[in-house]
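>>> Return atomic coordinates for the entry below.
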Amino acid sequence: MENQEVLRSKPLSYEASKAVLKSLSLEKREHINRRIPELRTINSRLPYVLVNVVITSATFETNGRRWYTKPAWVQSAENRLVPIRDEQTEDGGKSELTILQDNSRKAARYRVNKSPEKILEQLFDEYIRDGTVVSGSLCLCGIPEFLKGTRFSDLKMKVKNLNLRTLPAEDYEHFIRFIDFDALENVKLVSAENSLAILDKPEIQNCRNLTVTVHRYFVPPSVDQLLRLRNQHLHLEDYRFNLHELQLFVETWITTGREIGTRFSWEQIRFEDVLGILEHLKTHFGADEAGSNLEYYFSSKTIYGNRTLKMREDRELVMYCDKSKIQSERFTNYLWVFEMEVVASTTAACIVPIHDV
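Here you go, the predicted model:
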């Protein structure tokens with residue numbers, strides 16, 4: 001707590017106090033709030049740096065703490081369960097609030113004289129401010145009703161990793177206005193029928209890295225939707241995606257001249273499945289075995305069964321098998337991945353420099 005001792009030992013200017021507080025973790029700033037009342041006003045105006053945030057229509061979670069809300073119910077004279085109403089409370093409702101800490105099985109439970117919606121709004125007000133940084137990931141699975149209004153019109157969050165879990169497209173429209181796209185790099189979308197329209201949003205089509213996961217019982221995106229994506233890396237987890245659709249991918253990438261560095265990954269269960277895909281593409285397109293300089297581009301990978309197709313004079317499409325490095329949230333059996341990436345042509349590639357020993 002060295003920074004806190006500095007704050008206590010001698011007065012700091014307003015700007016200096018802001019700088020020190022902004023550099024502290026959420027937990028340390030909350031501790032200061034309790035111990036140093038003089039700094040509460042400044043502290044309340046500064047955005048937090050949060051590790052992970054999860055928002056649903058009934059929960060709020062950040063930095064290992066989860067608040068779960070539901071209406072408080074009583075049995076009526078007609079033997080039916082009805083929500084408690086109390087006209088003396090702020091919004092005429094009562095809630096049962098459960099707080100979990102760091103995935104602990106022990107939970108603190110309270111009955112609160114506010115509706116679940118008001119509790120979530122208060123939590124959002126406390127932790128999400130204009131300029132809030134989420135250094136890990138922001139996960140959305142439905143949003144509370146209060147976020148669909150206009151009260152937070154000037155709020156922007158700096159989020160690097162955005163995780164959309166079967167989020168309805170309507171909820172996405174309400175929340176995406178809070179995201180600073182300059183900071184956004186990685187998006188994960190668990191696709192369902194009510195979220196397919198999200199794939200047509202320009203900010204999703206053009207984000208740097210996009211992972212699309214399709215549950216076996218959900219409607220998958222169409223191949224046309226996937227072909228319209230312009231991500232630097234598109235990662236697909238969909239067991240219903242097939243060889244015909246992959247051929248369309250390859251043909252489209254060649255005819256549209258995708259940029260060098262553009263990459264597509266398709267998760268597979270067995271090593272033999274990927275080798276079969278590569279053999280099929282070799283037969284269909286007349287692909288050749290990639291040149292020996294492939295290690296120049298993929299020095300960090302151990303690749304298997306590589307094939308290459310000419311795109312233009314200055315670039316080639318390389319296809320290969322790699323071990324899966326992404327632990328899927330939906331499909332834990334994926335061990336291998338089919339990869340294809342646009343690289344500089346072997347004839348146009350630069351010579352690898354030899355450094356002096």
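>>> Dihedrals phi and psi, K201?
In terms of degrees, to the nearest 10, the main-chain angles of K201 are phi -80, psi 130.
>>> Now do it: how many residues are near it, please.
Look at K201: counted by other Cβ atoms under 10 Å, it has 14 neighbours. In this view, the C-beta of every residue, glycine as well, is placed from N, C-alpha and C.
>>> Contacts only, for it.
Contacts of K201 were listed using Cβ atoms under 8 Å, 6 or more residues apart in numbering, and they are Y172, I176.
>>> how close does it get to A169?
Note on K201: its distance to A169, by Cβ to Cβ, to the nearest Å, is 9 Å.
>>> Also R177?
R177 is 14 Å from A169, by Cβ to Cβ.
>>> any idea how far G276 lies from L243?
From G276 to L243 the distance is 9 Å (Cβ to Cβ).
>>> Settle it for me: which of those two has more neighbours?
G276 (15 against 12).
>>> Within the helices and strands, which one has that one?
Secondary structure assignment for G276, by DSSP states H and E: helix 271-285.
>>> Now do that helix: which elements does it pack against?
Packing partners of helix 271-285 (3 or more Cβ pairs under 8 Å, 6 or more residues apart in numbering; DSSP states H and E): helix 243-256, strand 304-312, strand 315-323, strand 336-344.
>>> in that helix, what's buried?
Using 16 or more other Cβ atoms under 10 Å as the test for burial, helix 271-285 gives V274, L275, I277, L278, L281, K282, F285.
>>> Which residues does it contact?
243, 246-247, 250, 268, 287, 304-307, 309, 319-321, 335-338.
>>> where exactly do the strands run in the stretch 51-200 of the chain?
Ranges of strands in the stretch 51-200 of the chain, per DSSP state E, counting those that start in this stretch, are 53-56, 59-62, 65-71, 73-75, 81-83, 95-101, 107-112, 133-141, 158-165, 186-191.
>>> Considering the ones you listed, which stretch scores lowest in mean pLDDT?
With a mean of 51, strand 81-83 has the lowest mean pLDDT of those.
>>> burial of the residue nearest to L236 when sequence neighbours are not counted, as a residue count?
The shortest distance from L236 to any non-neighbouring residue, by Cβ to Cβ, 6 or more residues apart in numbering, is to W266 (5.0 Å). Residues lying near W266 (other Cβ under 10 Å) number 23.
>>> Contacts for the helix or strand where W266 lies next, please.
Per DSSP H and E, W266 falls inside strand 263-268. For strand 263-268, contacts defined as Cβ under 8 Å, 6+ apart pick out 232-238, 241, 246, 249, 253, 274, 277, 324, 326, 328, 331, 334-342.
>>> Backbone dihedrals for L229, please?
phi -70, psi 140.
>>> And what about the nearest residue to D200 once chain neighbours are set aside, helix, strand or coil?
Closest residue to D200 apart from its sequence neighbours, by Cβ to Cβ, 6+ apart: Q225 at 6.7 Å. What DSSP: H, G, I helix; E, B strand; the rest coil gives for Q225 is helix.
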